[in-house]
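Trainee: Sequence first, then the predicted structure, then my questions.
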Amino acid sequence: MSFDLSKAIESAEKTVRSTQLEAIVLGPSGAGKSTVLGTLGCKTLYLYTTEETHGVKAARTVSADGVIPICIDHDEKELSPDQAYTRLLEILNSGPDLKKMGIGAVVLDGMSGLEAIIRGTKIWKEECKSANGRHSKFDEGPATITFFRPVIAALKALRRNYDMHIAVTAILDVKEYGEYGDIIEAKPRLQSYAVCEAVIQQFGDVLVVSRMNKDGAVKHKFQFMTDLSRVSTDDRGVIKKAINYNPRLIGLTVQELPPFLDADFQKVLELRAKR
């Protein structure tokens, strides 16, 4: 089969021109991550783990009829980690069926729970075995990344092939809060530096959400000035490498981002449309 340059360019241009969200929403517990997932303004397939059951109700406070929930690790009975992981991939690879249902967005709440499922699977444990058959902690990071990749790839394929918004959430461990509850410094709660880097860098829209209280009014806000980072240290505690995951939006420069924005995906889309 000869390479079709024109077709390849056309496909790439379509991806570049897409206005669909490709977001990871980061925040501490109670910051409003799940609520944000209900603000996409379209029929949304809401995938969650049993540890995020409360999230469905939060998302439905915004869109009672538009959020369609599926628990990935429970189906009439608790599923094993291997079954849950397989179930998730089957759902994400059902693009034609999802499109027929009128699904306009697929969201996963959240990556921290998925990481726990991955680390509980037999296939992950096999991947972590050394040559002598023993568990190798050194191989945990690469193995976790190996099983995250098909999930992220399937999500991206839904955006690329079916024009769906995609979004996931992950927990932040906050090091410092500001006067009004804004997050000054934090790091993502994923197992390691390598996993954190491999997951977050795959999403073009990185959003940090916080629960802010000013003048007696409590609001959930996206904030774009947060110092979000992760470091890797050696046995002596010396930093070997560091990377920043500061909030960003595809297609907007740092100068075009406001310090704060209501935690509503419609506000994000409006901001992008003004560019």
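Mentor: Received the coordinates, thanks. From a predicted model like this one, the values you see are computed outputs, not experimental measurements.

Trainee: which secondary structure elements does the helix or strand containing Leu114 contact?
Mentor: Counting by DSSP states H and E, the element that carries Leu114 is helix 111-120. Packing contacts for helix 111-120, counted by 3 or more Cβ pairs under 8 Å, 6 or more residues apart in numbering; DSSP states H and E, involve helix 81-92, helix 140-162, strand 165-177. Every C-beta, even on glycine, is put in place using the N, C-alpha and C of the backbone.

Trainee: swap the cut-off to 6 Å and go again
Mentor: Contacts defined by 3 or more Cβ pairs under 6 Å, 6 or more residues apart in numbering; DSSP states H and E place helix 111-120 against helix 81-92, strand 165-177.

Trainee: Flag the shaky bits of the stretch 101-250 of the chain, pLDDT-wise.
Mentor: Applying pLDDT under 70 to the stretch 101-250 of the chain picks out residues 227-244.

Trainee: switch to 50 and redo it
Mentor: 238-240 (pLDDT under 50).

Trainee: between the helices and strands packed on helix 111-120, which gets nearest to Phe147?
Mentor: helix 81-92 (6.9 Å; Cβ to Cβ).

Trainee: Pull out the buried residues from the following helix or strand past the closest one.
Mentor: For helix 81-92, the following helix or strand on the C-terminal side (DSSP H and E) is helix 95-100. Buried residues in helix 95-100, defined by neighbour count with 16 or more other Cβ atoms under 10 Å: Gly95, Leu98.

Trainee: what residues are up against the residue nearest the centre of the chain?
Mentor: Taking Cα atoms, centre = their mean, the centroid of the chain lies closest to Val168, which sits 2.6 Å from it. Residues in contact with Val168 (Cβ atoms under 6 Å, 6 or more residues apart in numbering) are Ile24, Leu108, Met111.

Trainee: With Tyr48 instead?
Mentor: Tyr48 neighbours (Cβ under 6 Å, 6+ apart): Gly55, Cys71, Asp109.

Trainee: Okay, the second one and Leu88: tell me how far apart.
Mentor: In this case it means Cys71. 10 Å (Cβ to Cβ, to the nearest Å).
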